[in-house]
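1. what's the 3D shape of this:
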Amino acid sequence: MAQRNLVTGVDQIVTSRSPAAAERFLQRNLPSIASMDCAFRDPAMAEHVRMQLRPMNALARPANRLSEADLVRYERELRCPRE
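-> Residues are numbered from 1 along each chain as shown. This next block holds a predicted model:
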């Protein structure tokens, strides 16, 4: 249930086009989701976050955006099994 709510929240952030909400997600939620062991997270949720990562990053103010290297790393970490 919590992971389904996360998917809804990610969609709301992208739809709202709120820089503050995108920055909060990128700074607070993304690191813990990406580091979560694949056995304990829903692969569809992780894939959804991965697909919305670049649109969310584009919403963040330039000083708070993830670098290209960080984006690639998070995209890799969100895949299960990890490459």
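
2. Can you tell me the closest non-neighbouring residue to Ser18?
-> Leu59 (7.0 Å; Cβ to Cβ, 6 or more residues apart in numbering). (Glycine included, C-beta is placed from N, CA and C.)

3. What is the neighbour count of the one you found?
-> Applying other Cβ atoms under 10 Å, we find 21 residues neighbouring Leu59.

4. Ok, Ala39 next?
-> Neighbours of Ala39 using other Cβ under 10 Å come to 6.

5. residues contacting the residue nearest the centre of the chain?
-> Nearest to the geometric centre of the chain sits Val49, at 4.3 Å (Cα atoms, centre = their mean). Contact analysis of Val49 by Cβ atoms under 8 Å, 6 or more residues apart in numbering lists Leu6, Val7, Val10, Leu30, Ile33, Leu78.

6. Now that we're looking at the second one, what pLDDT does it have?
-> So the one you mean is Val7. You'll see Val7 listed with a pLDDT of 82.

7. Quick check: the gap between it and Val49.
-> 8 Å (Cβ to Cβ, to the nearest Å).

8. Give the ranges of residues in the protein that sit below the confidence cut-off.
-> 1-3, 82-83 (pLDDT under 70).
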